[in-house]
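> structure for the following, please:
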Amino acid sequence: MEKNTICLWFDKDAEDAARFYAQTFSDSAVKAVHRAPSDYPSGKEGDVLTVDFTVAGLPCIGLNGGTTFRHSEAFSFQIATDDQEETDRYWNAIVGNGGRESACGWCKDKWGISWQITPRVLTDAMAAGGAEAKRAFAAMMKMKKIDVATIEAARRG
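Predicted coordinates:
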């Protein structure tokens, strides 16, 4: 087991979510599926209890814990993208698989996990500061999925 691991609570779909993430994001994989050794409050012996997986290189464990807790925007994965094609691919995979769009590059997958699909051109503009950051920020505030060409144009003024 990794020293530091992100634990994500699912109702009962941890394995499905982990497999989706492994198929969608580079440097992601399902490492192990562990079944319950006996009945427990939200499941029975033999049910998938936990799933060890990575998302973009980050070690995670998915826990099938039932309906007690819900995901919120207080936690999100931020995925840096290099261009519009990569941005579209990740965004469309999440939203097109039962997820939903939000604002400013945020979306949620069908399990309720929040994602920030963030082109590097946007983070570079914010790091530049000044008028360039202000223009890029104003452009971003009007978007759901980030449009790289619009951010690049805003950076130039």
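> quick check: residue 13 touching residue 113?
No: using CB atoms under 8 Å, residue 13 is not in contact with residue 113, being 10.9 Å away. (Each C-beta comes from the backbone N, C-alpha and C, glycine too.)
> show me what contacts the most centrally placed residue in the chain?
With distances taken as CA atoms, centre = their mean, residue 115 lies nearest the centre of the chain, 3.4 Å away. By CB atoms under 8 Å, 6 or more residues apart in numbering, the residues touching residue 115 are 76, 77, 78, 79, 90, 94, 106, 107, 108, 109.
> for residue 135, see how far away it is.
Applying CB to CB, to the nearest Å, the value for residue 115 to residue 135 is 25 Å.
> give me the domain ranges for the protein.
Recorded structural domains for the chain (assignment: automatic domain parsing) are 1-67, 71-157.
> mean pLDDT for these - can I get that in CSV?
Formatted as CSV, these follow (pLDDT from 0 to 100):
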stretch, mean pLDDT
domain 1-67, 95
domain 71-157, 98
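> if residue 108 is in a bridge, with which residues?
residue 100, residue 114 (DSSP bridges).
> residue 52: which element?
Assessed by DSSP states H and E, residue 52 sits inside strand 48-55.
> let me redo that: residue 46
Using DSSP H and E, no helix or strand contains residue 46.
> is it true that it touches residue 34?
No: with contact defined as CB under 8 Å, residue 46 does not reach residue 34; the gap is 11.1 Å.
> residue ranges for the helices of this protein, please.
In the chain, the segments counted as helices under DSSP state H are 14-24, 84-95, 120-128, 130-140, 148-156.
> what's the angle between the fourth one and helix 148-156?
Looking back up the chat, that one is helix 130-140. 150 degrees (axes from the mean of the first three to the mean of the last three CA atoms, to 10 degrees).
> hmm, who's touching helix 130-140?
104-105, 122, 125-127, 146, 150-151, 153-155, 157.
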